[in-house]
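# below: sequence and its predicted model.
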Amino acid sequence: MDKQTRLDLIDDLIYLRKEAGFVYWRLEATTVFNEIVGGRERDFDTLRLRLQSAINTLDPPDAEVLRVAYGLLPDYAGITTLRARREKYGERIGKKYDTLVDRENAAIQELALALLNARYTTSPLPAGTPAMHNAALQERVEITLVVRDRLWLETRGFFRLIPLIDGVEYMEMSTGNPSIITGANADVVAKTITMPNGLMHRFYYKEPLKRGKPVELCFTMNPDVEKDDTYEYAVLEESKAFHEPTFSFSVEVIFLGVKPEMVWSFKQLPFFSRPGIPRQEHLISLEDTSVARANFTDLYGGLFSGIAWRWD
């Protein structure tokens, strides 16, 4: 990396925050940015995902100010000028306009380094590097677990994926618990395959998936009480192992009836280390609610993240 490349990238990043922010019609005017994030042949959703992932590597205050500047947050995405986004954000956090400008400019310097070093979850793979085994990036994953009097009642899932290869016919999800898929989005057909140590739920799309074209998967899963001999055991955790690079994971657990004594979140733990130690900074209060929530970014490596709890 030479100095001029870094300066040119910074110029691109400054340009991309102007007017409506990070939108596809402004990308053509950039030079180094397009090359750094994978080339002009990449689809816009993939490039946006890579920018967001690189921003996530920064300190939280710097990351948030850039998400606002580029219009990447839902509350700011429809605002067509950078000044208006800054004024709205400044009013919310109690900071002056000039202060936000200075913070943005400093954060862009750090963002340029993150992009050039490619040390973020969805960075372009070097030539010759094999893709992940499921051949997709997960842009967003949302899981809701419903627990009634300590027992699993229902799981609702939402996935937004970006295929890395053409022709994928289905997505699949494994589970060790006897369960049935009771609902899915209209463009998929769910099938369940019995395996030696559990079940494989497969979601077949009506048409093969296309590389770079985002797809969504929604489903509802319930316990198969007729086949589950362990159903009467209290559930203690809701987590996922992330084998594919995943930008955003949101998990919530709704407790109907009895509430647990303690709830905490954990991130990036091996199978046998989960659910970790409930440290103070990871505790989730249920004092005025029956819903526990946690949000995570930049997950990968087959490690587990989620929410766990302890009954009295």
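Thanks, I have it.

# average pLDDT across stretch 157-174?
Across stretch 157-174, the average pLDDT comes to 86.

# just the residues contacting it, thanks.
43, 45-46, 49, 131-132, 134-144, 195, 198-205, 208-221 (CB atoms under 8 Å, 6 or more residues apart in numbering). C-beta coordinates here come from the backbone N, C-alpha and C atoms, glycine included.

# which PyMOL command selects the buried ones in those?
This is the PyMOL syntax for the buried subset of those, where burial follows 16 or more other CB atoms under 10 Å:
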select buried, resi 43+45+46+49+135+136+137+138+139+140+141+142+143+144+199+201+202+203+205+209+212+214+215+217+218+219+221
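
# tell me which of the contacts of stretch 157-174 fall in helices.
Using DSSP state H, D45, T46, L49 are the members of these that sit in helices.

# would a markdown table of the residues you listed with distance to I162 be doable?
Formatted as a markdown table, the ones in helices among the contacts of stretch 157-174 follow (distance: CB to CB, whole Å):
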| residue | distance to I162 |
| --- | --- |
| D45 | 6 |
| T46 | 6 |
| L49 | 7 |
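
# which residue ranges of the stretch 1-150 of the chain form strands?
136-148 (DSSP state E, counting those that start in this stretch).

# which residues in it form helices?
Using DSSP state H, counting those that start in this stretch, the helices of the stretch 1-150 of the chain run over 3-16, 24-27, 32-36, 44-55, 60-69, 82-93, 97-117.

# pLDDT of stretch 241-260, averaged?
Averaging pLDDT residue by residue across stretch 241-260 gives 91.

# from one end of it to the other, what's the distance?
23 Å (CA to CA, to the nearest Å).

# per the record, what domains does the chain have?
3-117, 136-160+213-310 (automatic domain parsing).

# just put those in CSV and tack on distance to M173.
Listed next are the domains of the chain as CSV, based on distance: least, CB to CB, whole Å:
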stretch, distance to M173
domain 3-117, 21
domain 136-160+213-310, 8
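
# S273 versus the spatially most central residue of the chain, what's the distance?
Most central in the chain under CA atoms, centre = their mean is S248, positioned 1.3 Å from the mean C-alpha point. To S273, S248 is 23 Å away according to CB to CB, to the nearest Å.

# same question for L13.
Taking CB to CB, one finds L13 at 38 Å from S273.

# who's more crowded, those two?
L13 (25 against 12; other CB atoms under 10 Å).

# hang on, the more buried one packs against L113?
No. Counting by CB atoms under 8 Å, L13 sits too far from L113 to count as a contact (11.2 Å).

# and the residue lying closest to R279 once chain neighbours are set aside, what element?
Nearest residue to R279, sequence neighbours excluded (CB to CB, 6 or more residues apart in numbering): W264, at 7.3 Å. Taking DSSP states H and E as the definition, W264 sits inside strand 262-269.

# can you pull the buried residues of that strand?
Quick answer for strand 262-269 (16+ other CB under 10 Å): V263, W264, S265, F266, K267, Q268, L269.

# that strand - contacts with which helices or strands?
strand 291-299, strand 303-310 (3 or more CB pairs under 8 Å, 6 or more residues apart in numbering; DSSP states H and E).

# can I get those in a markdown table including mean neighbour count and distance to G90?
Formatted as a markdown table, those follow (neighbours: other CB atoms under 10 Å; distance: least, CB to CB, whole Å):
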| stretch | mean neighbour count | distance to G90 |
| --- | --- | --- |
| strand 291-299 | 18 | 24 |
| strand 303-310 | 21 | 33 |
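
# and the ones you listed, which one is worst for confidence?
strand 291-299 has the lowest average pLDDT among these, namely a mean of 91.

# show me where pLDDT drops low in the stretch 101-250 of the chain?
117-135, 227-233 (pLDDT under 70).

# so T297 sits against F242, correct?
No. Look at T297 against F242 with CB under 8 Å: they stay out of range, at 11.1 Å.

# quick check: K259 touching V291?
No. The criterion here is CB under 8 Å, and K259 misses it with V291 at 10.1 Å.

# how close does the residue in the chain sticking out farthest from the centre sit to E281?
For the chain, the residue at maximal distance from the C-alpha centroid (CA atoms, centre = their mean) is E226, at 34.2 Å. E226 is 42 Å from E281, where distance means CB to CB.

# repeat for R92
With CB to CB as the criterion, R92 and E281 are 24 Å apart.

# between those two, which is the more surrounded one?
More neighbours surround R92 than the other of R92 and E281, with 10 against 6 (other CB under 10 Å).
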